[in-house]
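Undergrad: Build the 3D model from these lines:
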Amino acid sequence: MNTFKVVVGSVSCLALLAACQSDTTDGTENESIDIVTTIAQIADPLSVIGGEHINVTALMGPGVDPHLYEATQSDISTLQNADLIFYSGLHLEANMMDVFSNSSVPSVAISETIPEADLLLDEEGSIDPHVWFDPSLWMIALDEAVEEIKDAVPDHADEFEANKVAYFKELEEMQQQAEQTFANIPVEQRVLVTAHDAFGYFGRVNQLEVVALQGLSTESEIGLSDVQSTIDTIIEKEVPAVFVETSISDSSIRSVIDGAAKAGVEVELGGELYSDAMGEEGTEVGTYIGMYQHNVTTIAEALSK
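TA: Now for the predicted structure:
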């Protein structure tokens, strides 16, 4: 099975061990490392798995679009002071690649460890980077990050492994529940209409047809023909609801609702979904599991009407 992986940075992960030596205060050993991630979908699981032995900072918070994000001077300083950097890759954080390339800190694109055969492509052959919407694939990516952390803090490797196994079991149960939820909805009603094409993996694993106005990246333009073709699909398939996303404008989806109304078809706004960004830290939707479950519940309730 072929895989591909990108690791950027002039300092090897083995050299990182020297930088992560234990600090001793009053004879007490306190071994931990500072990790910076781009998206919270990486940061939250790693914080659970790493526990007190890692300090995790996510650069991109709620409502932030990673496709368009550019590093600030503060971000660059944060990255320079990290021991490890994890980003998703697959062109998700396209505007940050120069920052990673010029960093002396080990930078790992965790999604690029997923087998190529498992990745989705759009009509133009571009890879869909939204792999966290298939938990089985996201576990592969997270496993790569955990192995890097083990190398950096070897004294706690067994603890990290145990935490990972327990957390991955929760993810497997979460996905099983999601599949059971959507199985209760007739196949012809499982049509998910969103603003941009972030839910391909979610649709594949949960057997939903996904219709998006915009392409894989929010940099792509939305034309009148995209709006009209979406309206035509809604009318043809009798889609009861469409959805907005927290990280991009809702204007395009509202144009679809208005256009359908002019055609004599009432379409509801089914709710707000988390796609490229999660919710506020400290809330349920600020966790990877909570975010995923919110999307499942919101979509299922709207499409069941």
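Undergrad: gap between the closest residue in space to residue 299 that isn't next to it in sequence and residue 211?
TA: Residue nearest to residue 299 in three dimensions, not counting chain neighbours: residue 192, with 6.1 Å by Cβ to Cβ, 6 or more residues apart in numbering. In short, each C-beta sits where N, CA and C put it, glycine included. Plainly put, residue 192 is 7 Å away from residue 211 if you go by Cβ to Cβ, to the nearest Å.
Undergrad: quick one on the thing from earlier: looking at it, the residue nearest to residue 299 is touching residue 204, isn't it?
TA: No - under the criterion of Cβ atoms under 8 Å, residue 192 lies out of contact with residue 204, with a separation of 11.3 Å.
Undergrad: Between residue 192 and residue 211, which has more neighbouring residues?
TA: Regarding residue 192 and residue 211, a neighbour count based on other Cβ atoms under 10 Å identifies residue 192 as having more, with 24 against 20.
Undergrad: I'd guess that one is in a strand, am I close?
TA: Yes - according to DSSP: H, G, I helix; E, B strand; the rest coil, the state of residue 192 is that of a strand.
Undergrad: Bridging across strands, which residues link to it?
TA: Residue 192 forms beta bridges with residue 210, as assigned by DSSP bridges.
Undergrad: Now do the contacts for it.
TA: Neighbouring residues of residue 192 by Cβ atoms under 8 Å, 6 or more residues apart in numbering: 199, 202-203, 208-211, 243, 299, 303.
Undergrad: now, which of those residues sits nearest residue 233?
TA: Nearest to residue 233, judged by Cβ to Cβ, of these is residue 211 at 5.4 Å.
Undergrad: Would you confirm that that closest one contacts residue 190?
TA: No - look at residue 211 against residue 190 with Cβ under 8 Å: they stay out of range, at 11.3 Å.
Undergrad: buried stuff in the longest helix anywhere in the chain?
TA: With secondary structure taken from DSSP state H, the chain has its longest helix at helix 157-183. With burial defined by 16 or more other Cβ atoms under 10 Å, the residues of helix 157-183 counted as buried are 159-160, 163-164, 167-168, 171, 174-175, 178, 181-182.
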